[in-house]
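**Q** Generate coordinates for the sequence data below:
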Amino acid sequence: MKQSESGASSELLRRLPQVDSVLASPRLAPALSSYRRDVVLRQVRAELQQMRESLRRGADLLGPDGPSEDFLLEETALAVLERLARLEGSCLRPVVNGSGVLIHTNLGRALPCAAAQEALSSAARAYCNLEMDLHSGERTRRDVTLEPLLQALSGAEAATVVNNNAAAVLLVLHALAGHNAPDPARREVIASRGELVEIGGSYRVPDMLRSSGCVLVEVGTTNRTRISDYEKAITPATAMLLKTHPSNYRIHGFTEEASLEQLAALGRRSGIPVYFDMGSGYLAPEGRHAVRLPEPDILGALEAGADIVSFSGDKLLGGPQAGIVLASSALIRRLRSDPLWRCLRIDKFTASALAAVLLEQMRRPEQRSPGGLAEQLSADNAALRSRADELAAQLAAACPGWSFAVLEAAGSYGGGSLPEEELPSFAVTVQAPGLEAGELEQRLRRGQPAVAGGFIRGSYCINVLALLPGDGERIAAACQAIAQQS
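**A** Next up, the predicted model:
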């Protein structure tokens with residue numbers, strides 16, 4: 001007579017192998033020779049616990065009497081090996097960026113130039129003077145090597161660097177108007193309703209203000225805020241006037257906003273610091289014929305009179321993830337004295353790569369090292385079309401039974417920068433017999449190497465805008481592996 005499901009589950013629970021039996025399985029011998037025993041042990045225990053929970057929930061049984069003890073032992077060992085493989089697969093690994101997004105947040109944002117790559121490699125190979133003054137031998141600050149570069153590049157009186165621009169915003173608010181404000185009676189920060197932005201990862205300006213201990217005073221409306229709105233809101237409790245660049249969206253139509261120049265003038269008249277969170281960190285190129293982006297410029301923000309300016313290092317500046325703050329010496333000293341400054345500090349890799357990028361920005365364009373965001377942005381239509389034609393040929397040679405076509409396509413800056421600006425590009429559409437476009441995208445994304453592509457009118461495609469040298473061969477190899485499996 002067939003056992004009840006609960007009775008069968010209880011029987012199977014008794015048949016589950018012991019931890020020592022699984023560890024002694026020949027299947028796990030290679031894993032035990034590669035990994036620490038305690039690491040493997042934890043995976044064994046976790047797998048057995050998951051099996052127990054599944055059985056208690058009435059999981060499907062294999063046959064009327066359930067699987068044998070030997071079968072359960074074998075399956076458990078295989079499952080542990082899969083767990084270990086997933087641990088290795090969870091590490092960061094290279095991805096071919098065929099999305100057409102240059103500053104792709106999910107793929108690591110801006111690609112560093114060759115000089116920054118070398119700086120990162122050098123920092124990994126040896127010790128460095130991260131917090132040591134080599135002249136005196138004394139301990140110093142982590143931003144001490146970066147401040148003079150930022151001063152020379154921007155003309156700012158002083159500068160500091162933390163681990164991202166959200167951290168910079170938190171530090172500025174906390175130290176100057178929040179929990180650690182110099183005057184506890186002045187906590188109010190005036191901001192336009194049209195600039196209370198949310199960016200990726202649920203970062204919201206109002207939440208940042210509250211968490212730093214500030215009191216948000218909203219002025220104007222979503223689409224129209226005048227300088228008079230700020231002026232009317234100023235009280236003896238006002239600590240700061242905040243302007244935030246809405247880098248990831250635009251409001252059109254019946255709109256108005258107070259300019260940074262107007263806010264700076266109001267701040268000077270009222271004795272209140274003006275903070276401009278400009279986000280992307282665009283440094284406009286020099287020269288009468290240089291192509292400039294429709295984005296606030298670092299130098300322009302300082303010239304407009306902002307007392308404090310902060311921006312990201314890993315967006316339009318083309319560097320590593322960092323939050324850069326430019327201000328007067330007195331304000332920067334205040335930031336450095338805040339306990340958060342140490343909590344948000346950068347490491348030697350960020351310091352090394354950012355220094356290399358800043359040095360590159362100081363040089364004339366023709367003297368800069370190759371690679372990186374600047375070189376990607378300089379690719380013209382002819383070069384991109386040639387790149388797409390070459391990729392299509394490589395794919396056709398690797399997968400003879402597949403179909404490929406080169407199409408005009410649009411790329412983008414990404415990273416919350418210039419949301420309405422399209423970059424002209426080309427894409428190669430890929431059609432594999434017997435595979436839906438979604439299935440093909442999934443297999444390439446999960447493959448070796450991983451390929452991140454997109455879709456054009458329902459067809460899977462690879463945009464060539466962000467492709468790097470050698471990526472064509474990598475994509476062809478990934479497609480060929482899928483073709484051989486089909």
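**Q** drop to CA atoms for contacts and neighbour counts, all remaining ones
**A** Fine.
**Q** Distance check, residue 231 against residue 267.
**A** 9 Å (C-alpha to C-alpha, to the nearest Å).
**Q** wait, residue 173
**A** Between residue 173 and residue 267 the distance is 16 Å, computed by C-alpha to C-alpha.
**Q** Likewise for residue 452?
**A** 47 Å.
**Q** repeat for residue 223
**A** Distance from residue 223 to residue 267, by C-alpha to C-alpha: 23 Å.
**Q** who has more neighbours, the two?
**A** Between residue 223 and residue 267, residue 267 has the larger neighbour count (other C-alpha atoms under 10 Å), namely 21 against 16.
**Q** contacting residues for that one?
**A** Neighbour list for residue 267: 241, 273-274 [criterion: C-alpha atoms under 8 Å, 6 or more residues apart in numbering].
**Q** Same question for residue 139.
**A** Per C-alpha under 8 Å, 6+ apart, neighbours of residue 139: 131-133.
**Q** again, only using 6 Å
**A** Counting by C-alpha atoms under 6 Å, 6 or more residues apart in numbering, residue 139 touches 131-132.
**Q** Is it bridged to anything, and to what?
**A** residue 132 (DSSP bridges).
**Q** swap in residue 189?
**A** According to DSSP bridges, beta-bridge pairing links residue 189 with residue 216, residue 240.
**Q** Report how many residues lie close to it.
**A** 24.
**Q** Would you mind measuring from it to residue 330?
**A** Taken as C-alpha to C-alpha, the span from residue 189 to residue 330 is 20 Å.
**Q** In the chain, where is pLDDT below threshold?
**A** Residues of the chain that meet the criterion pLDDT under 70 lie in 1-9, 58-66, 200-201, 248, 287-291, 486.
**Q** What are the structural domain limits within it?
**A** 5-89, 95-105+376-485, 112-367 (automatic domain parsing).
**Q** got the residue ranges for the helices in the stretch 51-200 of the chain?
**A** 69-89, 114-125, 147-154, 165-176 (DSSP state H, counting those that start in this stretch).
**Q** most tightly surrounded among the ones you listed?
**A** helix 165-176 (a mean of 25; mean count of other C-alpha atoms under 10 Å).
**Q** Please state the offset of that one from the chain centre?
**A** Chain-centre distance of helix 165-176: 19 Å, with C-alpha atoms, centre = their mean, to the nearest Å.
**Q** Contacts made by that helix with the rest, please.
**A** 180-181, 212, 311-312, 323, 335, 338.
**Q** OK, contacts around the residue nearest the centre of the chain?
**A** Taking C-alpha atoms, centre = their mean, the centroid of the chain lies closest to residue 105, which sits 3.7 Å from it. Applying C-alpha under 6 Å, 6+ apart, we find residue 105 in contact with residue 415.
**Q** And it, how far from residue 314?
**A** 9 Å.
**Q** now the strands: where do they sit in the stretch 351-486 of the chain?
**A** Taking DSSP state E, counting those that start in this stretch as the test, the strands found in the stretch 351-486 of the chain are 403-414, 417-431, 450-452, 454-456, 459-463.
**Q** so which of the ones you listed gets nearest residue 371?
**A** strand 403-414 (16.1 Å; C-alpha to C-alpha).
**Q** Next, residue 238: phi, psi?
**A** phi -70, psi 130 (degrees, to the nearest 10).
**Q** Just give the closest residue to it, not the sequence neighbours.
**A** residue 188 (4.5 Å; C-alpha to C-alpha, 6 or more residues apart in numbering).
**Q** my guess is the one you found meets residue 239, correct?
**A** Yes: contact criterion C-alpha atoms under 6 Å: residue 188 and residue 239 qualify, at 5.4 Å.
**Q** More neighbours: which of those two?
**A** residue 239 (28 against 23).
**Q** so that one makes contact with residue 177?
**A** Yes: counting by C-alpha under 6 Å, residue 177 is a contact partner of residue 239 at 5.5 Å.
**Q** List the residues that are in contact with both of these two.
**A** Contacts common to residue 239 and residue 177, judged by C-alpha under 6 Å, 6+ apart, are residue 187.
**Q** and the nearest residue to residue 131 once chain neighbours are set aside, how many residues sit next to it?
**A** Nearest residue to residue 131, sequence neighbours excluded (C-alpha to C-alpha, 6+ apart): residue 140, at 4.9 Å. Residues lying near residue 140 (other C-alpha under 10 Å) number 15.
**Q** so how far is residue 179 from residue 140?
**A** From residue 140 to residue 179 the distance is 26 Å (C-alpha to C-alpha).
**Q** repeat for residue 479
**A** From residue 479 to residue 179 the distance is 55 Å (C-alpha to C-alpha).
**Q** Which one of these two is surrounded by more residues?
**A** Comparing residue 479 with residue 179 by other C-alpha under 10 Å, the one with more neighbours is residue 479, at 24 against 18.
**Q** can you tell me which residues contact residue 246?
**A** Counted by C-alpha under 6 Å, 6+ apart, residue 246 has zero contacts.
**Q** pretty sure residue 301 is in a helix, no?
**A** Yes: according to DSSP: H, G, I helix; E, B strand; the rest coil, residue 301 belongs to a helix.
**Q** and the end-to-end length of stretch 128-148?
**A** For stretch 128-148, the end-to-end distance is 18 Å (C-alpha to C-alpha).
**Q** Also stretch 135-155?
**A** 25 Å.
**Q** And that stretch, how far out from the chain middle?
**A** On C-alpha atoms, centre = their mean, the centre of stretch 135-155 falls 26 Å from that of its chain.
**Q** Next, work out how far apart residue 441 and residue 454 are.
**A** 8 Å.
**Q** hmm, who's touching stretch 401-420?
**A** So stretch 401-420 is contacted by 100-105, 247-248, 422-432 (C-alpha under 6 Å, 6+ apart).
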